[in-house]
Structure formats: structure tokens, C-alpha cells
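[1] 3D, please:
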Amino acid sequence: MKRVKILLPVLLLAAGLALGSCYKEEPIDPDKVYVNLGGESWAESDLDKWLYENFTKPYNIEVRYKWSYLNGERQYLLTPVDEAVVEPAMLLFKRTLLDAYEEYFGPNGGSTFLKTVAPKTLILMGSVGAQQTKQKLAEAAGGIRISIWGLNRLLTTDAGYKESVIRSTIHFMHHEFAHTLHQKKMYPVEFQTLTPGLYITNWETSSNATANSLGFVSAYARASPNEDFVETYAYILNQGKAAFDALVASAPAEARTALLAKESTIVEYLKHSWDIDLYDIDGGTGLTTIVQTAIGDVIAEGIGI
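    Numbering: from 1, shown residues only. Just a heads-up that it's a prediction; the model follows:
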């Protein structure tokens, strides 16, 4: 037994020396492209220059549209965005969101607000994020990144469907932007108590009509208080005050109370946290009116594809 104990370390040492003598260090080739390790290179296109001038330079927003598996949640099936869609999609973001906040705050205040609040990275994907039972159109992460998916649907030649896709894309842009707002400054916790016990993880099993009857603007709003908050905010901005009032009027009494309380909480939060008036007040134009006008212009003029 003693001989075995002595021989074993000697054998291990000999093996280590043998391996060490066989090791050969290979120099790194500076011209080699290492995929997804920062070694990719491509010529800057006119589109890249346009994105830099309109988003990176004024707002410090990096727009990623070139494919990388690092840009998406790996549990979803995703496909790249068609380059023909990138500029029209980003014009939607600019005209109905960035420009709307710029107009509300004024040229100096708007720029300061957006540099503070806007996501630092905007990721574009062509397909809707697909799982076995769910689909996802967008996500926001940590108040610094927004991903907008399903953008290749804008290539449709069906005019009615295209308008629907434009409106839903704008909705989700505002939805995810609202996440960045509350991720930086949380909304009042009282909001989470307005429809207690009605949030569900399998929200896709609920219809919009059922959700409306329970005090939610959409089925997705039932996913969590955070989703409820941003869905309600985005609904008001994208559908307008009259549409929200009509939704409230058609709901049962208890649901009306909940919807009005949510609206009131959002109005208060925006004013106290961000100095934003959601609606027109004292002769001033509210953010909802500005967004509604921008959406009307985009729908009337088209998006160029």
C-alpha cells in the first residue's frame, strides 16, 4: 500500500510535465472574425448613419437590428427584422413617442427628459416571439433596454391589416416605454390593490371582454400589476380619452370604479413623478392629445412600405 501511495503522485507529476511539454500557444490572429465576441465588422450603411443621427446622437439610443442571438430571449423563437422595415419602424417610434415627448416638454426640456428616461438600447426583431402556448411582441429590461418584435408584419400589402399592425406596434412602443418610467420611478403601490385577486399568470386564457368586465383595459393587463399599469397608460395614449371613457361606461359598476381609480393614479403619478399632464388642462395640451395627433398623421400619410 505504501508503494502505491508513493507512485501515484510521481505518475501524476510525470503526466503533468508531459502535457505541459506538448502545449503550444497559438497567437491570436487580429484579422480573424470571432462571431458574437465583438469581432464582427461591416461597412457602415446609409441606414446606420441615419439611425446614428436620429437616435444615437441626440438621445444616446443604440438601435440594434442586425441579427444576434444575444439580442433575444432564448426561450422564444425569433427571426431577424427585414432591413426594409427598420427605418419605417423607427419613424413610428420617433414620430409617435420621442417627438411627442419633445413637443410636450419643449425642445430643451424634451431632450433632457428623453436623455434621462429613454432606453439606451432598442432591439428590433422581425417575428413575434413564439413559444408553444404564448406569443410576445415586446419586452423592457431594467429601464435601459426595449425590444420590439413582430416588425416584419409591417411588410403586409393588406391595407386594413397594415393599419392594425401600425397601431399595435405604436401601442407596444408606449407600453414598453412606460415600463422604463416605472422602473426608474415606481408608481404608487396603491395601484396594485385596485383589482386584487384578479391577476393571473395564464392571462392568455382571458378574453379582452372578460378583462374589461373585471376592470382591466386588456387581457394582458391581468398578467401583473406592472403590466396592468403600462397597458392602461398605453391604452389611453393610443386610443385616446374618449375611447377610455367609452370603455369605462360599458363596464359593470365595480369595474368602472377600478378603471377610474387606475386612470386617476396614472394621472397623479405622471404629474408628480415626471411633471407630465396626461390630459389637456388649463389651456395646455396634454400628452394624450399630442400622441393622438401624431398617430392620426402617421395613419393618414402611411409609413412608406
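[2] give me the neighbour count for Thr112.
    For Thr112, the count of nearby residues is 12 (other CB atoms under 10 Å). Quick note: C-beta positions are derived from backbone N, CA and C, even for glycine.
[3] skipping its backbone neighbours, what lies nearest it in space?
    Spatial nearest neighbour of Thr112, excluding adjacent residues (CB to CB, 6 or more residues apart in numbering): Phe105 at 7.6 Å.
[4] tell me where the model's unsure across the stretch 1-150 of the chain.
    Scanning the stretch 1-150 of the chain with the threshold set as pLDDT under 70 gives 1-41, 69-77, 129-143.
[5] quick revisit: can you confirm the residue nearest to Thr112 is in a helix?
    Yes: assigned with DSSP: H, G, I helix; E, B strand; the rest coil, Phe105 falls within a helix.
[6] Validate this expectation: Val63 resides in a helix.
    No: counting by three-state DSSP, Val63 is not found in a helix; it is strand.
[7] touching, it and Glu53? I think so.
    No: at 11.3 Å, Val63 and Glu53 do not qualify as touching, with contact defined as CB atoms under 8 Å.
[8] quick one: which of these two has more around it?
    Ranked by neighbour count (other CB under 10 Å), Val63 and Glu53 place Val63 first, with 21 against 10.
[9] give the contact list for Asn208.
    218-219 (CB atoms under 8 Å, 6 or more residues apart in numbering).
[10] please repeat the previous calculation with a cut-off of 10 Å.
    For Asn208, the contacting residues are 216-221, by CB atoms under 10 Å, 6 or more residues apart in numbering.
[11] now Gln192
    Gln192 touches 199, 224-226, 228-229, 265, counting by CB under 10 Å, 6+ apart.
[12] which of those count as buried?
    Buried members of the contacts of Gln192, counted by 16 or more other CB atoms under 10 Å: 199, 225-226, 228-229, 265.
[13] sort out which of the residues you listed are in helices and list them.
    225-226, 228-229, 265 (DSSP state H).
[14] grab the nearest non-local neighbour of Leu287.
    Here the residue nearest Leu287, using CB to CB, 6+ apart, is Tyr104, at 5.2 Å.
[15] hang on, I meant Ile200
    Arg222 (5.4 Å).
[16] what's the burial count for that neighbour?
    24.
[17] surely it is in contact with Ala258?
    No: counting by CB atoms under 10 Å, Arg222 does not reach Ala258; the two are 11.9 Å apart.
[18] quick check: the farthest pair among the ones in helices among the buried ones among the contacts of Gln192?
    Farthest-apart pair in these is Asn226 and Thr265; separation 13.3 Å (CB to CB).
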